[in-house]
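Trainee: Okay, structure incoming, though there's no sequence with it:
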């Protein structure tokens, strides 16, 4: 039998990290991996430069922005994706435009002790 399950869809919350401005998150699915988060960028929104402990796929759903991975910078727009590899500093921001992204966070599998 087909099972359709609700998700605990939270309200939009401002990213709390220092250096993040005008970006709001809505968590759709958490662990187990992958986690799914929608980010909504207002004009001049930014996620500070930082590495993660896991790979993240960034899929631009609407609008456009700029992505930086390591020393490389490129525009990103609706219908495009980029992968942030674990351990490499990354950053995402908008200038005068807005953007909505889907973040697919690939947490490492937990090991049984």
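Mentor: Great, that's in hand. For clarity, every value in this text was computed on a predicted model and none was experimentally measured.

Trainee: pLDDT weak spots in the chain?
Mentor: For the chain, the stretches with pLDDT under 70 are 8-9, 31-33, 109-113.

Trainee: nearest spatial neighbour of the residue nearest the centre of it, skipping sequence neighbours?
Mentor: With distances taken as C-alpha atoms, centre = their mean, the residue of the chain nearest its centroid is residue 103 (3.4 Å). Among residues not flanking residue 103 along the chain, residue 37 sits closest, at 4.4 Å (C-beta to C-beta, 6 or more residues apart in numbering). In this view, the C-beta of every residue, glycine as well, is placed from N, C-alpha and C.

Trainee: what's the answer for residue 50, then?
Mentor: residue 89 (6.2 Å).

Trainee: residues touching the one you found, list them.
Mentor: If you count contacts by C-beta atoms under 8 Å, 6 or more residues apart in numbering, residue 89 has them with 49, 50, 51, 68, 69, 70.

Trainee: any idea where the strands of this protein begin and end?
Mentor: Ranges of strands in the chain, per DSSP state E, are 13-14, 21-29, 35-50, 55-69, 72-77, 81-84, 90-93, 99-106.

Trainee: Deepest in the core, which of these is it.
Mentor: Among the strands of the chain, strand 90-93 has the highest mean neighbour count (mean count of other C-beta atoms under 10 Å), at a mean of 21.

Trainee: circling back: residue contacts, the residue nearest to the centre of the chain?
Mentor: Residue 103 is in contact with 35, 36, 37, 38, 39, 56, 57, 58, 59, counting by C-beta under 8 Å, 6+ apart.
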